[in-house]
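**Student:** heads up, no residue letters with this:
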């Protein structure tokens, strides 16, 4: 602060994988930096993931290759320009490519908090729109209802059914998907503020749902217990809290890379929707019941025996996904579910490497080995799902090959997540 001549410096969280922290230093003498001016300095043969950062402290154009960055921390105080930079990064990719090289879908998650049936309901809904015109039209309608710019996930005091109806007035090709349907606090079937059926929430519009998002604490087999979900495609979408977590849950599609084809595949659930990729549901932070403050994790049977009370403090435990599914299920044989799709359960590569190296998954050591593996074998999902184990072992990574083998066949050690605490999945005994 002394060196910069200002006392208004904001310190940020440690940079993952690095022995460094971030700092925001205000600039009292600001200049307008044009995105086009920065991109004009990028060589034609530069990597396609090169994006504009702006200007450095000396005013020189600054760019960065995202392919060389296992982590990126975009941080700063409110109003510092984080969202603006993210938009600039996206535009950097789009302006230097053709439509056939960069494809994306317009999506948004909305938090609906309202009263229905004498109870406060808190439901998250995922919207996918076919084009910018539909997105702009919906934005205008929602902006008249509430502040949709205050948060990345707008909060509206609007009934979920009414939101669905509003979306349909914009486009009949919208994909309206209940998000992470079993999460206790903010979901359509959650134990704390949800409903007991989809129809209780969406009423006559229920058959028009494009699918349902399972969330991190369940997988398809768990959802197959509920017959009222039989008519809906089970989606394994991924949260976007950080770039490296994209893809830890994913949907497998055999279709054209265009909105109409993807929408039709999801809505129909036919052979074009091939299956899903999930991390093991026990790792999800609401899989089992429990009370985090007391360190108490309970399976549904233990919760029933204890009348839903924490054995340490006597307070009500948070009922997790497994318990809630059992409560609402109508079948004991999951094979009665029609149109069952394959599901692949994976452990993130960094978690496997962290276990093998005896350090945290976000450590610098893991980041270095992770980058080596990606450069050697290709994308992470390819390593976890498709890479021949003999090839990995042949490069001297016998332990990694064995870890991936155990993951693929389900030979794992499980500590279930509960009450907001992530679980853990290991492939070797701690000793």
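**Tutor:** Sure, I can see it. All figures in this text were calculated on a predicted structure; none of them were measured in a lab.
**Student:** which stretches of the protein form helices?
**Tutor:** Counting by DSSP state H, the chain has these helices, from start to end: 35-39, 82-95, 132-143, 160-170, 198-202, 220-223, 259-268, 300-305, 321-328, 349-357, 364-377, 380-385, 389-394, 398-409.
**Student:** what packs against the first one?
**Tutor:** Judged by 3 or more C-beta pairs under 8 Å, 6 or more residues apart in numbering; DSSP states H and E, helix 35-39 is in contact with strand 50-55, strand 61-65, helix 82-95. Where C-beta positions appear, they are placed from N, C-alpha and C, glycine not excepted.
**Student:** which stretch in the ones you listed has the least confidence?
**Tutor:** Sorting those by mean pLDDT places helix 82-95 lowest, at a mean of 85.
**Student:** what's the spacing between that one and its chain's center?
**Tutor:** Centre-to-centre, helix 82-95 and its host chain are 20 Å apart (C-alpha atoms, centre = their mean, to the nearest Å).
**Student:** nearest residue to residue 250 other than its sequence neighbours?
**Tutor:** Excluding the flanking residues, the one nearest residue 250 by C-beta to C-beta, 6 or more residues apart in numbering is residue 277, at 4.3 Å.
**Student:** give me the beta-bridge partners of the one you found?
**Tutor:** Going by DSSP bridges, residue 277 is paired in beta bridges with residue 250, residue 344.
**Student:** residues near it, how many?
**Tutor:** 21 (other C-beta atoms under 10 Å).
**Student:** and if you look at residue 48?
**Tutor:** By other C-beta under 10 Å, the residues close to residue 48 number 12.
**Student:** how near is it to residue 93?
**Tutor:** Distance, residue 48 to residue 93, using C-beta to C-beta, to the nearest Å: 7 Å.
**Student:** before we move on, the earlier item: CSV for the helices and strands packed on helix 35-39, including distance to residue 187?
**Tutor:** Formatted as CSV, the helices and strands packed on helix 35-39 follow (distance: least, C-beta to C-beta, whole Å):
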stretch, distance to residue 187
strand 50-55, 34
strand 61-65, 37
helix 82-95, 26
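**Student:** so which of the ones you listed is the most packed in?
**Tutor:** When those are scored by mean count of other C-beta atoms under 10 Å, the highest mean neighbour count falls to strand 50-55 (a mean of 18).
**Student:** just want the angle from that strand to helix 82-95.
**Tutor:** Between strand 50-55 and helix 82-95, the angle comes out at 140 degrees (axes from the mean of the first three to the mean of the last three C-alpha atoms, to 10 degrees).
**Student:** could you give the angle of strand 50-55 to strand 61-65?
**Tutor:** With the same axes, to 10 degrees defining the directions, strand 50-55 sits at 150 degrees from strand 61-65.
**Student:** could you say what helices and strands strand 50-55 packs with?
**Tutor:** helix 35-39, strand 61-65, helix 82-95.
**Student:** mind giving me the packing neighbours of the longest one?
**Tutor:** Read that as helix 82-95. Counting contacts by 3+ C-beta pairs under 8 Å, 6+ apart, helix 82-95 is packed against helix 35-39, strand 50-55.
**Student:** right, and the helices of the chain - which one's nearest residue 178?
**Tutor:** helix 198-202 (7.0 Å; C-beta to C-beta).
**Student:** now that closest one: average pLDDT?
**Tutor:** For helix 198-202, mean pLDDT rounds to 97.
**Student:** that one: how far from the chain's middle?
**Tutor:** 24 Å.
**Student:** same question, stretch 118-138
**Tutor:** Distance of stretch 118-138 from the chain centroid (C-alpha atoms, centre = their mean) equals 17 Å.
**Student:** and it, what's buried?
**Tutor:** For stretch 118-138, a neighbour-count test (16 or more other C-beta atoms under 10 Å) marks 121-130, 134-135, 137-138 as buried.
**Student:** from these, which land in strands?
**Tutor:** 121-129 (DSSP state E).
**Student:** quick one on the thing from earlier: to residue 415, which of the helices and strands packed on helix 35-39 lies closest?
**Tutor:** Taking C-beta to C-beta, helix 82-95 is the member of the helices and strands packed on helix 35-39 nearest to residue 415, at 34.6 Å.
**Student:** and for the closest one, what's in contact with it?
**Tutor:** 35, 39, 48-54, 66, 74-76, 102, 104 (C-beta atoms under 8 Å, 6 or more residues apart in numbering).
**Student:** next one: the closest residue to residue 258 other than its chain neighbours from residue 93, what distance?
**Tutor:** The shortest distance from residue 258 to any non-neighbouring residue, by C-beta to C-beta, 6+ apart, is to residue 103 (8.0 Å). Using C-beta to C-beta, we find residue 103 at a distance of 11 Å from residue 93.
**Student:** what does residue 116 give?
**Tutor:** The gap separating residue 116 from residue 93 is 42 Å, by C-beta to C-beta.
**Student:** turn the helices of the chain into TSV, including distance to residue 289.
**Tutor:** TSV is the format used below for these (distance: least, C-beta to C-beta, whole Å):
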stretch	distance to residue 289
helix 35-39	50
helix 82-95	37
helix 132-143	36
helix 160-170	26
helix 198-202	23
helix 220-223	15
helix 259-268	31
helix 300-305	4
helix 321-328	5
helix 349-357	24
helix 364-377	32
helix 380-385	30
helix 389-394	37
helix 398-409	26
